[in-house]
Structures are given as structure tokens and as C-alpha cells.
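In: Provided below are the primary sequence and the corresponding predicted coordinates.
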Amino acid sequence: MPLRRILFFPVLWLVIDGCIDRINFSTPPVPLTEIVIEGAITNAPGPYTVKLSNVIKSDATLPLGVPVNANRVFLADDAGTTEELTLVSAGVYQSSPSGIRGTIGRSYHVRVEMDNGNIFESVPDKMTPVGRIDSLYYEWEEIVRSDKADYGYRIYVDSHTVPGEEYLRWKFVGT
């Protein structure tokens, strides 16, 4: 009987281990033809910045993508004003401080011409009035996670929009 028990576990191990078939295969790399185009135009004086980068793959180690340079980048409005932006660093283009400027009521779009001939052009977007800011305030916040404290601010804006214009974007840049 003890010999049966001694043989039982090695045989069981072989049976269990033998049920797993490992399959190793590689997938071909997929060329990324899409790019991320990030930028904004306001009715405040320029310069305005447009940033270009590759789409981020799901297994990417670079969280913000890799900067991409284009052949030409333009900002244009519906009145025919167009400005070619200047490359200031890898994937970053800027308008002239005295160049194109946003006007409420006009529509704007960006056009990116790549070196390979691809052209990316946004749908025109109308600049609408933002309404009225009633108050702007912040709260200091401490969040403790896993015995580590993170500190930051919660920024609040109380405002009223123009009737019919419910979507606003508030951007806060901290240093």
C-alpha cells in the first residue's frame, strides 16, 4: 500500500502537467497610421500650440505617445484666414504671437499634412461665448493610499453658460 501512495503522486503530477500545451506565437506589428492632434485656439492673444503624437498602443511604455513631425500644420477660420504653424520642438507646432487669433462666432479647424502624403483635417468648430464666472476657488486635499500621502488641489468654477451652449472646457495648469 505505501508503494501505491508513493507512485500515485508522481503519476498524478505527470497527468496534470501533461494537460497544459503552451502555444507561443508572435503577432506581426501593425503600422500606426493614426495620430493624436492636440491643440486649442482662444480669443486671447497667441501663440497657439498644436501637438502631434502617435496613437498609444495598449502595451506602450510611453504614456503620452511618441512625438510626430508633419510636413505642414495649419490653423484656419471660416473667413479664409489661414496660418502655417512653425515647428518649435519634436511634434510641437506654434502660431506666431501676432498671427491668427480666435474670434467669438467664427469656426476654426486644423489641417495636418504628413510627409507620407496623408492629410488630417478636423471638422470646423465654432467658438462660442463662455458666459459668466461667478466664483473660482480651490480646496487643498490629502489622499492617503498604501501608507503614502498624495497632495493636491481641487479646483472649482461656478459659472453660468450662454443659453444653448452647455459645453465648456476649463483648463488649469499648475506648476
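Out: Thanks, I have the structure now. Numbers count the residues shown, from 1 in each chain.
In: Give the burial count for the closest residue in space to Tyr151 that isn't next to it in sequence, as a bare number.
Out: Using Cβ to Cβ, 6 or more residues apart in numbering and skipping residues adjacent in sequence, the residue nearest Tyr151 is Glu142, 5.5 Å away. C-beta here means a position set from N, CA and C on the backbone, and glycine is covered the same way. Neighbourhood size, Glu142 [other Cβ atoms under 10 Å]: 8.
In: what sits against Glu142?
Out: When contacts are counted by Cβ atoms under 8 Å, 6 or more residues apart in numbering, Glu142 touches Ala149, Asp150, Tyr151.
In: And those residues, which is closest to Val110?
Out: Out of the contacts of Glu142, the one with the shortest distance to Val110 is Asp150. That distance is 35.2 Å, counting by Cβ to Cβ.
In: any idea which helix or strand carries that closest one?
Out: Using DSSP states H and E, the secondary-structure element containing Asp150 is strand 148-160.
In: Report the rounded mean pLDDT for that strand.
Out: Per-residue pLDDT over strand 148-160 has a mean of 84.
In: Just the CA trace of it, in PDB.
Out: Once non-C-alpha atoms are left out, strand 148-160 reads as follows in PDB (Å, rounded to 0.1, in the frame of the first residue of the first chain):
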ATOM      1  CA  LYS A 148       1.700  57.200   1.100                       C
ATOM      2  CA  ALA A 149       0.200  60.600   1.100                       C
ATOM      3  CA  ASP A 150      -0.500  62.500  -2.200                       C
ATOM      4  CA  TYR A 151      -1.300  66.200  -2.000                       C
ATOM      5  CA  GLY A 152      -3.200  68.300  -4.500                       C
ATOM      6  CA  TYR A 153      -5.900  70.900  -5.200                       C
ATOM      7  CA  ARG A 154      -9.500  70.500  -6.200                       C
ATOM      8  CA  ILE A 155     -10.300  73.500  -8.400                       C
ATOM      9  CA  TYR A 156     -14.000  74.700  -8.600                       C
ATOM     10  CA  VAL A 157     -15.600  77.100 -11.100                       C
ATOM     11  CA  ASP A 158     -19.100  78.400 -10.500                       C
ATOM     12  CA  SER A 159     -20.400  79.800 -13.800                       C
ATOM     13  CA  HIS A 160     -23.400  80.400 -16.000                       C
END
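In: What strands line up against that strand, and which way round?
Out: Neighbouring strands of strand 148-160 in its sheet, by DSSP bridges, are strand 132-145 (antiparallel).
In: Could you list the domains of the protein?
Out: 35-126, 129-175 (automatic domain parsing).
In: Go through the ones you listed and find the least confident stretch.
Out: Comparing mean pLDDT across those, the lowest value falls on domain 129-175: a mean of 81.
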